[in-house]
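> Structure here, sequence nowhere to be found:
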């Protein structure tokens with residue numbers, strides 16, 4: 001088995017839902033405003049998908065494969081990075097495999113929340129370097145709006161849907177991911193979690209979709225800045241480079257304040273940071289790949305560029321990858337894959353989701369938060385765990 005030096009990113013593509021949910025839209029059912037959201041998060045709008053996560057992923061992956069000039073039946077691995085899975089069993093990557101016609105590809109899911117794409121990129125790179133496979137598609141996708149607690153202002157204003165993918169291919173050059181630091185600050189894992197999905201709710205009187213989000217903003221902010229900053233410093237040291245050598249930072253887009261703090265700690269000016277948080281919000285696992293695709297589209301990535309990709313997510317996972325770009329920055333081909341036509345506005349789709357949530361004994365969205373319902377459910381959960 002011959003080891004290769006690198007796993008070059010040879011293809012890239014995104015699939016962004018066209019429906020836009022603005023801050024003003026949110027203010028129609030939440031006690032909030034455009035100024036309140038923008039001043040605290042840097043977010044102006046986010047996307048709401050009218051299709052499944054598999055459909056978004058398939059379009060993004062098809063575009064990435066066309067960009068790389070790689071036919072789907074030559075693909076050897078699909079890594080689906082997300083916390084939005086279509087089913088618990090089988091894995092969602094297998095659904096993308098069928099939709100792409102990638103019959104030779106092994107398929108796997110990775111869920112480390114917002115860092116899922118970065119963990120997936122590290123995993124696929126290592127498998128290519130070890131000679132297990134020679135090509136891979138790594139997807140970052142989220143369909144968060146379907147299980148959002150739309151009555152909880154703390155989280156409802158933050159998240160949106162989207163997808164992007166990259167193609168990796170074996171290379172004899174030291175390109176692609178050249179350094180990777182991953183980790184998990186699990187002591188504070190309960191500061192960000194979604195109750196109402198998974199086996200932990202089996203037997204409790206809560207319907208799937210009635211999600212209750214735990215979100216400790218102050219804890220998350222502090223640990224996100226610390227985790228991303230320290231990981232970035234470690235990966236730069238690991239590769240023997242300095243912040244001055246970084247051409248562009250492509251960070252997880254959780255919050256503008258977090259991004260600014262991480263850039264400051266790294267000693268990198270904001271003019272070398274790719275931002276999409278203002279128009280897409282926090283797409284969890286999709287933020288880094290979407291930002292990368294847009295950076296390429298905008299001509300912000302040059303041949304041989306050194307890219308720093310830091311991220312942080314529930315768990316609390318963190319990662320920082322250093323990527324050496326290859327020689328090509330333009331697509332070899334274009335895919336005809338597209339999302340189906342949109343028939344409803346983002347606000348109409350969100351209101352439909354809210355309408356499905358209301359009948360289950362929860363407080364009406366936009367009014368008092370479901371404190372007592374949450375205490376009842378959380379108490380039952382904690383008692384069960386204690387046993």
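That came through fine. Everything numeric in this text was worked out from a predicted model, so none of it was measured. Numbers count the residues shown, from 1 in each chain.

> And stretch 22-42, end to end?
12 Å (C-alpha to C-alpha, to the nearest Å).

> give me every residue that touches residue 32.
23, 26, 153, 157 (C-beta atoms under 8 Å, 6 or more residues apart in numbering). To be clear about C-beta, it is placed using only N, CA and C from the backbone, and glycine gets the same treatment.

> Which among these count as buried?
23, 26, 153, 157 (16 or more other C-beta atoms under 10 Å).

> Next up, the contacts around residue 338.
residue 59.

> mind checking how far residue 131 is from residue 125?
Look at residue 131 and residue 125: by C-beta to C-beta, to the nearest Å, they are 12 Å apart.

> now do residue 74
On the measure of C-beta to C-beta, residue 74 and residue 125 end up 18 Å apart.

> out of these two, which sits in the more crowded spot?
residue 125 (23 against 14; other C-beta atoms under 10 Å).

> For the more buried one, what is the enclosing helix or strand?
Following DSSP states H and E, one finds residue 125 within helix 116-129.

> for the helix or strand following that helix, packing partners?
As assigned by DSSP H and E, the chain's next helix or strand after helix 116-129 is strand 135-142. Other elements packing on strand 135-142 under the criterion 3 or more C-beta pairs under 8 Å, 6 or more residues apart in numbering; DSSP states H and E are helix 53-68, strand 77-81, helix 116-129, strand 162-171, helix 287-297.

> Kindly recompute the last result at 10 Å.
With contacts defined as 3 or more C-beta pairs under 10 Å, 6 or more residues apart in numbering; DSSP states H and E, strand 135-142 has these neighbours: strand 6-14, helix 53-68, strand 77-81, helix 92-100, strand 106-110, helix 116-129, strand 162-171, helix 287-297.

> What residues sit buried inside the next helix or strand after it?
For strand 135-142, the following helix or strand on the C-terminal side (DSSP H and E) is helix 153-156. Of the residues in helix 153-156, 153, 155-156 count as buried by neighbour count, 16+ other C-beta under 10 Å.

> And for residue 297, the neighbour number?
12.

> Please list all residues in contact with it.
12, 14, 331 (C-beta atoms under 10 Å, 6 or more residues apart in numbering).

> Correct me if wrong: the last one contacts residue 70.
Going back to what we said before, that points to residue 331. No - contact criterion C-beta atoms under 10 Å: residue 331 and residue 70 do not qualify, at 11.7 Å.

> what residues are shared contacts of these two?
10-11, 64.

> which of the residues you listed has the most neighbours?
Going by other C-beta under 10 Å, residue 64 tops these with 29 neighbours.

> Can you give me the distance of the residue nearest to residue 351 when sequence neighbours are not counted to residue 76?
Spatial nearest neighbour of residue 351, excluding adjacent residues (C-beta to C-beta, 6 or more residues apart in numbering): residue 29 at 7.5 Å. The gap separating residue 29 from residue 76 is 46 Å, by C-beta to C-beta.

> same deal with residue 334?
23 Å.

> between those two, which one's more packed in?
Between residue 334 and residue 76, counted using other C-beta under 10 Å, the more crowded position is residue 76 (19 against 10).

> How about the contacts made by the more buried one?
Applying C-beta under 10 Å, 6+ apart, the residues contacting residue 76 are 102, 104-106, 124, 127-128, 132-137, 169-170.

> one more time with 6 Å
By C-beta atoms under 6 Å, 6 or more residues apart in numbering, the contact set of residue 76 is 105, 133, 135.

> ok, the last one touching residue 169?
Yes - judged on C-beta atoms under 6 Å, residue 135 makes contact with residue 169 at a distance of 5.0 Å.

> Just the buried residues of the helix or strand where residue 351 lies, please?
In the assignment (DSSP H and E), residue 351 maps to helix 346-357. Within helix 346-357, the residues that count as buried by 16+ other C-beta under 10 Å are 346-347, 349-351, 353-354, 357.

> what mean pLDDT does it have?
In this model, helix 346-357 carries a mean pLDDT of 92.

> Figure out how far that helix is from the centre of its chain.
22 Å (C-alpha atoms, centre = their mean, to the nearest Å).

> Equivalent analysis for stretch 88-99, please.
For stretch 88-99, the distance to the chain centre is 18 Å (C-alpha atoms, centre = their mean).

> mind listing what's buried in that stretch?
In stretch 88-99, counting by 16+ other C-beta under 10 Å, buried: 91-97, 99.
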